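Trainee: pasting the structure only:
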């Protein structure tokens, strides 16, 4: 088991949490993380570039000029690829598929590898609770400021992806409180993936007891 500090909403250490090795003690594997990250990004890629060939562009049904006697090259359509306004030869098409298959066990292991790395780098914050009785952006920003004072530098910056705040279950008040802070995002811990961990500087895990139970369940599913 790995011991980690647990903080309260004021950024003061309030206890300890025992973390399972299977979740937070996984050895770093650069090749696996790279392979899964590239595949996940490829699966998110949207195919927007699309061109039309000479059969798809509008017009060009009439022969532009007679076959002989003009002194110019013979042409049957003004929509030929060598004409302005004509079709495109070998251009990008919307049916191109960039998706890559990811083995389920590879994806799961890569997630826990990155999670373990973030803990080792001091980028995981365990918080006992965020007492938000009403949705209040000012109060949410104050909590981030408290964590910054506790040693988690730059977690309260307003630019960039600074804090990924996770909850063991959906929490509307917390989500609404952090909604207007562009550098922070609130999500259910069950929905967090490896790219989320890589994109955000800090991972804030609220309610450690319930959250660790969720992570243990994900680890067993591997």
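Mentor: Nice, thanks for sending it over. Since we're looking at a predicted model, the values are computed, not measured.

Trainee: rest of the way, CA atoms for contacts and neighbours
Mentor: Fine.

Trainee: Am I right that residue 114 is in a strand?
Mentor: No. Using DSSP: H, G, I helix; E, B strand; the rest coil, the secondary structure at residue 114 is helix, not a strand.

Trainee: Could you give the average pLDDT over stretch 70-80?
Mentor: Taken as a whole, stretch 70-80 has a mean pLDDT of 94.

Trainee: before we move on, what about stretch 16-36?
Mentor: 95.

Trainee: so how far is the first residue of it from its last?
Mentor: End-to-end distance of stretch 16-36 (Cα to Cα, to the nearest Å): 32 Å.

Trainee: Specify the residue ranges that define each domain of the chain.
Mentor: For the chain, automatic domain parsing gives the domain ranges 2-45+101-221, 50-97.

Trainee: Take those domains and write them to a markdown table, including mean neighbour count.
Mentor: Converted to a markdown table, the domains of the chain look like this (neighbours: other Cα atoms under 10 Å):
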| stretch | mean neighbour count |
| --- | --- |
| domain 2-45+101-221 | 17 |
| domain 50-97 | 13 |
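
Trainee: does residue 33 sit in a helix, a strand or a coil?
Mentor: helix.

Trainee: Which residue comes closest to it once chain neighbours are left out?
Mentor: Spatially, and ignoring its direct neighbours in sequence, residue 33 is nearest to residue 110 (5.3 Å; Cα to Cα, 6 or more residues apart in numbering).

Trainee: Could you check how far that neighbour is from residue 36?
Mentor: Residue 110 is 7 Å from residue 36, where distance means Cα to Cα.

Trainee: Then residue 103?
Mentor: Applying Cα to Cα to residue 103 and residue 36 gives a distance of 9 Å.

Trainee: Packing partners of the helix or strand of the chain with the lowest mean pLDDT?
Mentor: The helix or strand of the chain with the lowest confidence, counting by mean pLDDT, DSSP states H and E, is helix 208-221 at a mean of 90. In terms of contacts (3 or more Cα pairs under 8 Å, 6 or more residues apart in numbering; DSSP states H and E), helix 208-221 is packed against helix 21-24.
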